[in-house]
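S.K.: Pasting the sequence and the predicted coordinates here, then a few questions.
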Protein chains: 2
Amino acid sequence: MSDVFDALAHPVRRQILKLLSKRAMSAGDIADKFDLAKPTLSGHFAVLKAADLVSTERQGTTIIYRAKMSVLEEAVAGLMAITGRKEGR
Amino acid sequence: MSDVFDALAHPVRRQILKLLSKRAMSAGDIADKFDLAKPTLSGHFAVLKAADLVSTERQGTTIIYRAKMSVLEEAVAGLMAITGRKEGR
DNA sequence: CTTGTATTTCGGTATTTAGCTAAATAACAA
DNA sequence: TTGTTATTTAGCTAAATACCGAAATACAAG
């Protein structure tokens, strides 16, 4: 769980998740959306993967990233446990 | 908003928020709950305050911390914007 | 004004993180 | 095999973070 919050702490990683929540994308396509070197993005992908927030699938030479929404929703639930909210909908 | 996620990234700070969500507490009382030096906790308080996640009130020589639940709920809402959930309740 | 209590600020070190370039790996096509 | 494209790993530096003990600040009581 702590890994998830670590991952969410960086704005670029939150933005990546937002992109992936709309549709799966290749590493390169994601990287093109940011003004950062590709290895830097690759590092961010690794953090997201360590947090289990994304899954990957290789398609030939490209790698497709997908957001694991269920894990993200667990983080939301974790925060709501602090706020005292009941389950969201 | 980024400050909020930075603040939430550290497990001690999440734990502090959880304590404060139950009841307001003095800095010292909070510090007693952790096996860390007081200056270390004071630093965590400062991060929470910078994120506007807590408010303070001085009562004589002690300082009372309170969780600002509304700000925490905004963070929840921010995450839910990524997940695509509708407003929680 | 001195003392005691609560808390923060200061100064320091050790660790982690974010970013880069260059090099390595993987898959594929010719 | 050679070359091309996509991505990651390695190696590095700079900056940020977490922690500590010691000192400073703020307040209240005597």
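M.R.: That came in fine, so what should we check first?
S.K.: Closest to the centroid, which residue in chain A?
M.R.: The centroid of chain A falls nearest to A:Leu17 when counting by CA atoms, centre = their mean (3.9 Å).
S.K.: That one and DNA strand C, how far apart?
M.R.: Distance, A:Leu17 to DNA strand C, by CB to the nearest atom of the strand, to the nearest Å: 14 Å. For the C-beta atoms, the positions are set from N, CA and C on the backbone; glycine is no exception.
S.K.: a helix runs through A:Ala75, doesn't it?
M.R.: Yes. The assignment for A:Ala75 by DSSP: H, G, I helix; E, B strand; the rest coil puts it in a helix.
S.K.: Could you pull up the residues touching it?
M.R.: Neighbour list for A:Ala75: A:Met1, A:Val4, A:Phe5, A:Leu8, B:Leu79 [criterion: CB atoms under 8 Å, 6 or more residues apart in numbering or on different chains].
S.K.: element containing A:Ala56?
M.R.: If you look again at residue A:56, you'll see it is Thr, not Ala. Using DSSP states H and E, A:Thr56 maps to strand A:54-59.
S.K.: Spell out whether the following helix or strand past that strand and DNA strand C are in contact.
M.R.: Once the chain leaves strand A:54-59, the next helix or strand it forms, by DSSP H and E, is strand A:62-67. No. Strand A:62-67 lies out of reach of DNA strand C by CB under 7 Å from any atom of the strand, never closer than 8.8 Å.
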